[in-house]
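Asks: Take a look and give me a structure for this.
(2 chains)
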Amino acid sequence: MRVQAARRAGVGLVVMAAAHDHPPLVLGIETSCDETGIALVRGQELLTDVTASSMDEHSRFGGIVPEVASRAHLEAFGPTLSAAVERAGVGLGDIDAVAVTSGPGLVGSLTVGVAAAKSLALALGVPLYGVNHILGHVAVDVLVDGPFPEEFLGLVVSGGHSSLLHVRDIATDVVELGQTLDDAAGEAFDKVGRLLGLPYPGGPHVDKLAQQGDPAAFAFPRGLSRPKDMAAHAYDFSFSGLKTAVARVVEGFTDRGEEVPAADVAASFSEAVADVLVTKTLAACERHDVGCVVIGGGFSANSRLRELAAQRFGEAGIDVRIPPIRYCTDNGAMIAALGSAVVAAGLPASEFDITIDSQMPLTRVLATA
Amino acid sequence: MTAHSGITTGSTGGVESTLTDASATQELGRRLAQVLRAGDLVILTGDLGAGKTTLTQGIGEGLGVRGRVASPTFIIAREHARTGSGPGLIHVDAYRLGSIAEVDALDLDSSMAESVTVVEWGAGLVEGLAQDRLEIELERPRGVGEGSGTDVAEAAAADQPRRVILRGVGERWAGVDLPV
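Replies: Got it, this is the predicted structure:
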């Protein structure tokens, strides 16, 4: 196997990039949860993106089971990598850098991806970049919608995260404006799905049911939106009180022996979540005078969020960028895109003794040892 | 057994009180942190929205552990490293776990011996993780009474009192004055 001294970890890609006429080819590896994603990106161009999911194995448990996920990553990794390289029409030896999710996520799942990435980078003699999963959800949009504006807000909403970011450079300048203080948006959907007796994962099922209901049937609370909350938590989210309110309304009907108006409950609940996400993001746009919002993460598949975002950001003259759903759920392209941005920014590669960080903070784009 | 402040201890009985709102629930957690030590197992029981995560937020704050204590549901277990000389916190949502073997399979970095382990939805499942345990039951008001629509939703959203019962099981908790 071809190994070049200049490609050792710790040596940036500047020398190599100059030697080629095109930007470096970055392999992205994502294994933070239940999807094994591997993709190849050159500059801001996506060559290939292959995802294997263990969702079917988890659905019988009503949620992700860490042990099942780790094992599924192990089994899926080789075939997914082969498929990605083959479809891109490149050889492993053409890869200039390896980027991998080093956090946040499930410990066992992250460990599989990081171990595989280290092995590949060592074998190929190329630099390794352990990058932040959440920032990847924002970075991926560049592959779909083109170069980012000078600054924008990133709203990352999924089963495990709800964060609002002020981004000037995805690799070097990201400020966290807020995050959820309790449940993530997608998690609240899963729990409401549970309350309404819908199958796991609740998000898509509640969304579908909501489309048949009246969003004004119940005025569910908008978390952290009262004036006293806005002082300390203007851009933080809370979906726990909303979840409790939904639970009590549902119980009210069942305790009285009445049929639960599930579609109306789902629609009113969806409205509350979408409304608070869009309202707070819009307020942050005004406060920071930012004219572009990028929405990412699995929950951005939610139809009411997409509708309301298009409508209200449109009215305010703010550009909204939401990648297609396959790039909103976990995938390798997001990690390859972030890796490519990190390489382009000239950040030093990660050392080979980096560890996974299941709670990697947003202030850190790259993993540390 | 101490005679003052009423209550406690052993494997039976328990102390009970009312928590007026979410901040009272967190305050109880902060006071509980004063009696919790490394190796302790706390099992939280209560419906969705009863305040299990809110109580754990108070415990985390009282212990002074690293990171924001939020719902562990999605990742099942979240570990909070200690910052000083006290224990760390392992916060588990066992709702989707089917057996104690699956708790073992969580690949936790930190050991229970160095941390306080708080398990939501753990009753009837994780008792075997430790010799002794502190059981905490949280109960919120059920339903919202008659009516429908906006009024009902507003009533359901109000931050209403929770009832809490604390019960220490085993030697570890004998003679310990539980805060209420």
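Asks: Could you check how far A:T31 is from B:V65?
Replies: Taken as C-beta to C-beta, to the nearest Å, the spacing of A:T31 relative to B:V65 amounts to 27 Å. C-beta: built from backbone N, CA, C; applies to glycine.
Asks: where in the stretch 51-200 of chain A is pLDDT low?
Replies: Where the stretch 51-200 of chain A drops to pLDDT under 70, the residues are A:55-64.
Asks: And the strands in it, which stretches?
Replies: Here the stretch 51-200 of chain A has its strands, by DSSP state E, counting those that start in this stretch, at A:97-103, A:128-132, A:152-157, A:162-169, A:173-179.
Asks: per-residue pLDDT, the residue lying closest to B:L44 once chain neighbours are set aside?
Replies: Spatial nearest neighbour of B:L44, chain neighbours left out: B:K52 (4.4 Å); criterion: C-beta to C-beta, 6 or more residues apart in numbering or on different chains. At B:K52, the pLDDT value in this model is 96.
Asks: circling back: okay, A:T31 and B:V65: which has more neighbours?
Replies: A:T31 (37 against 24; other C-beta atoms under 10 Å in any protein chain shown).
Asks: distance of that one from chain B?
Replies: A:T31 is 14 Å from chain B, where distance means C-beta to the nearest C-beta, to the nearest Å.
Asks: From A:S82, how far off is the residue lying closest to that residue once chain neighbours are set aside?
Replies: Spatially, and ignoring its direct neighbours in sequence, A:T31 is nearest to A:G113 (3.2 Å; C-beta to C-beta, 6+ apart). Applying C-beta to C-beta, the value for A:G113 to A:S82 is 16 Å.
Asks: what does B:G49 give?
Replies: 47 Å.
Asks: Please apply the same query to B:S71.
Replies: Separation of B:S71 from A:S82 (C-beta to C-beta) stands at 38 Å.
Asks: More neighbours: these two, which one.
Replies: With neighbours defined as other C-beta under 10 Å, B:S71 and A:S82 compare such that B:S71 has more, 26 against 13.
Asks: Quick check: which element contains that one?
Replies: When elements are assigned from DSSP states H and E, B:S71 belongs to no helix and no strand.
Asks: list the contacts for it?
Replies: A:182-184, A:187, A:240, B:53, B:93 (C-beta atoms under 8 Å, 6 or more residues apart in numbering or on different chains).
Asks: Equivalent analysis for A:G332, please.
Replies: A:28-30, A:37-39, A:49-51, A:84.
Asks: Local confidence estimate at it?
Replies: Per-residue pLDDT puts A:G332 at 98.
Asks: what do you get for A:Q311?
Replies: Looking at A:Q311, its pLDDT reads 98.
Asks: Now do the buried residues in the host helix or strand of it.
Replies: Per DSSP H and E, A:Q311 falls inside helix A:303-315. Using 16 or more other C-beta atoms under 10 Å in any protein chain shown as the test for burial, helix A:303-315 gives A:304-306, A:308-309, A:312-313.
Asks: and the closest residue in space to A:R168 that isn't next to it in sequence, how many residues sit next to it?
Replies: Closest residue to A:R168 apart from its sequence neighbours, by C-beta to C-beta, 6+ apart: A:E151 at 4.8 Å. Using other C-beta under 10 Å, A:E151 has 15 neighbouring residues.
Asks: For chain B, which segments count as helices?
Replies: Applying DSSP state H to chain B gives helices spanning B:22-35, B:52-63, B:100-104, B:149-157.
Asks: looking at these, which is buried most?
Replies: With neighbours defined as mean count of other C-beta atoms under 10 Å in any protein chain shown, these peak in mean count at helix B:52-63, which reaches a mean of 25.
Asks: OK, contacts around A:F77?
Replies: The contact partners of A:F77, taken as C-beta under 8 Å, 6+ apart, are A:31, A:36, A:38, A:112-113, A:116.
Asks: Report the two of the residues you listed separated the most.
Replies: Using C-beta to C-beta, the two most remote members of the contacts of A:F77 are A:I38 and A:V112, lying 12.3 Å apart.
Asks: Show me which of these two is the more surrounded one.
Replies: A:I38 (31 against 23).
Asks: What are the phi and psi values at the more buried one?
Replies: Dihedral pair for A:I38: phi -130, psi 130, per degrees, to the nearest 10.
Asks: Ok, the one 10 residues further on next?
Replies: Comment: the main-chain dihedrals of A:T48 come out as phi -160, psi 160, following degrees, to the nearest 10.
Asks: Give the bridge partners for it, please.
Replies: A:T48 has these beta-bridge partners by DSSP bridges: A:L40.
Asks: Distance of it relative to chain B?
Replies: Following C-beta to the nearest C-beta, the distance that separates A:T48 from chain B is 29 Å.
Asks: Can you tell me which residue of the stretch 151-300 of chain A sits closest to chain B?
Replies: The minimum distance from the stretch 151-300 of chain A to chain B, using C-beta to the nearest C-beta, falls at A:T244 (2.8 Å).
Asks: What is the neighbour count of that residue?
Replies: Neighbour tally, A:T244, other C-beta under 10 Å: 24.
Asks: Check the secondary structure at it for me.
Replies: helix (DSSP: H, G, I helix; E, B strand; the rest coil).
Asks: State the separation between stretch B:38-49 and the centre of the chain it belongs to.
Replies: With C-alpha atoms, centre = their mean, to the nearest Å as the basis, stretch B:38-49 stands 3 Å off its chain's centre.
Asks: Buried ones in it, by neighbour count?
Replies: Using 16+ other C-beta under 10 Å as the test for burial, stretch B:38-49 gives B:38-49.
Asks: still on that earlier bit, which helix or strand lies directly C-terminal to the helix holding A:Q311?
Replies: Under the assignment DSSP H and E, the closest C-terminal helix or strand after helix A:303-315 is strand A:319-321.
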